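Asks: sequence plus the predicted model coming up.
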Amino acid sequence: MKNKLVYSTDQGRTCPECENSLDDCTCNDGSNVLGSGNAKIQLETKGRKGKGVTLVKDLAMTADELKVMGKKLKNHCGVGGAVKDGTIEIQGDQREKIKAFLESQSIKAKISGG
């Protein structure tokens, strides 16, 4: 007997307009907004050997805009970081600096977690 997949709901994130997966979206051709618009700032130390990383999630920006914002945040805080999977990672505990910077850019931001 063949092992055949009958039904699967695993599409990952879907486009709210065309309801296709984000990889197959045909709505705006590359201008997919990755976040909900309510920016969340949190400190994470798990899996980093005790070193803290500030995460900025749910920014309503495209992937290219996130890269630019990540660069601006790294310059503002004077530290390194990365943009991965729609999340900006900034080295160290920079929550207050990032919140002030985002609010100066007219972006609503909330510090979440511990």
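Replies: Thanks, I have it.
Asks: for the chain, what's the longest helix?
Replies: helix 63-77 (DSSP state H).
Asks: which residues sit against it?
Replies: 32, 34, 56, 59, 61, 80-83, 86, 88, 90, 92, 94, 97-98, 101 (CB atoms under 8 Å, 6 or more residues apart in numbering). Placement of C-beta: from N, CA and C, glycine included.
Asks: one more time with 10 Å
Replies: 30-35, 39, 54, 56, 59, 61-62, 79-92, 94, 97-98, 100-102, 104-105, 107 (CB atoms under 10 Å, 6 or more residues apart in numbering).
Asks: in ChimeraX, select just the buried ones from the residues you listed.
Replies: A single ChimeraX command selects the buried members of those (16 or more other CB atoms under 10 Å):
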select :32,33,34,35,39,54,56,59,61,62,81,83,86,87,88,89,90,91,92,94,97,98,101,102,107
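Asks: in strands, which of the contacts of helix 63-77 appear?
Replies: Ala39, Thr54, Val56, Gly81, Ala82, Val83, Lys84, Thr87, Ile88, Glu89, Ile90, Gln91 (DSSP state E).
Asks: so what sits opposite Ile88 in the bridge?
Replies: Val56, Val83 (DSSP bridges).
Asks: contacts only, for it.
Replies: Ile88 neighbours (CB under 10 Å, 6+ apart): 39, 41, 54-57, 59, 61, 66-67, 69-74, 81-82, 98.
Asks: how about a cut-off of 8 Å?
Replies: With CB under 8 Å, 6+ apart, Ile88 has these contacts: Leu55, Val56, Leu59, Leu66, Met69, Gly70, Leu73, Gly81, Ala82.
Asks: just the pLDDT for it.
Replies: Per-residue pLDDT puts Ile88 at 94.
Asks: kindly provide the distance from Lys57 to Asp85.
Replies: From Lys57 across to Asp85, the span is 10 Å (CB to CB, to the nearest Å).
Asks: all set now, cheers.
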